[in-house]
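S.K.: Need coordinates for the below:
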Amino acid sequence: MSAKRPDPGERRVIPFRPPHPRAGNDNRPGAFGPPEPSVGDLSRFERDQSGHDDHRDRMLVNGLAFLVCLFLVLGGIWLADKMAQMRKDQDCVLSGRRGCTPVDVPVRSRW
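M.R.: The predicted structure is shown next:
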């Protein structure tokens with residue numbers, strides 16, 4: 001068998017098949033043909049130029065959001081402090097010591 005050998009100056013192009021997309025989640029642009037427009041008409045989201053912003057409502061919502069964030073931070077700090085105190089008390093009791101937790105006893109008058 002004799003194979004036809006190309007001339008040293010001749011160039012060959014090897015066509016490659018495009019890779020088969022895995023399960024249809026190929027996100028490359030143009031992978032399945034021309035890209036479809038991802039955003040439709042945005043005119044319904046445009047704000048009227050004649051209308052004014054209601055800064056009072058915006059400031060009220062920002063204030064409420066700040067209070068919620070502050071509540072979450074303070075609650076997290078309180079929870080971490082309680083967990084640390086419980087861990088100290090548990091370590092004290094498991095080490096065999098007595099009087100690990102203070103007990104508040106009301107003082108009675110002798111009269």
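S.K.: how about the helices in the protein?
M.R.: 55-94 (DSSP state H).
S.K.: what bits of the protein have low per-residue confidence?
M.R.: 1-4, 6, 18-39, 50-51, 110-111 (pLDDT under 70).
S.K.: what residue lies at the spatial centre of it?
M.R.: Centroid check for the chain by C-alpha atoms, centre = their mean gives Cys69 as the closest residue, at 16.2 Å.
S.K.: Arg97 versus that residue, what's the distance?
M.R.: When distance is defined by C-beta to C-beta, to the nearest Å, Cys69 is 41 Å away from Arg97. C-beta coordinates here come from the backbone N, C-alpha and C atoms, glycine included.
S.K.: cool, Arg108 as well?
M.R.: Distance from Arg108 to Arg97, counting by C-beta to C-beta: 28 Å.
S.K.: Look at these two and report which has more neighbours.
M.R.: More neighbours surround Arg97 than the other of Arg108 and Arg97, with 9 against 6 (other C-beta atoms under 10 Å).
S.K.: Next up, phi/psi of the more buried one, please.
M.R.: Main-chain torsions, Arg97, degrees, to the nearest 10: phi -80, psi 160.
S.K.: From Val105, how far out is it?
M.R.: Taking C-beta to C-beta, one finds Arg97 at 20 Å from Val105.
S.K.: Arg58 now?
M.R.: In terms of C-beta to C-beta, Arg58 sits 54 Å off from Val105.
S.K.: Now for Met59, how many residues are close by?
M.R.: Residues near Met59, counting by other C-beta under 10 Å: 10.
S.K.: what's the answer for Cys92, then?
M.R.: 14.
S.K.: Identify the residue nearest it in space, chain neighbours excluded?
M.R.: Cys100 (3.5 Å; C-beta to C-beta, 6 or more residues apart in numbering).
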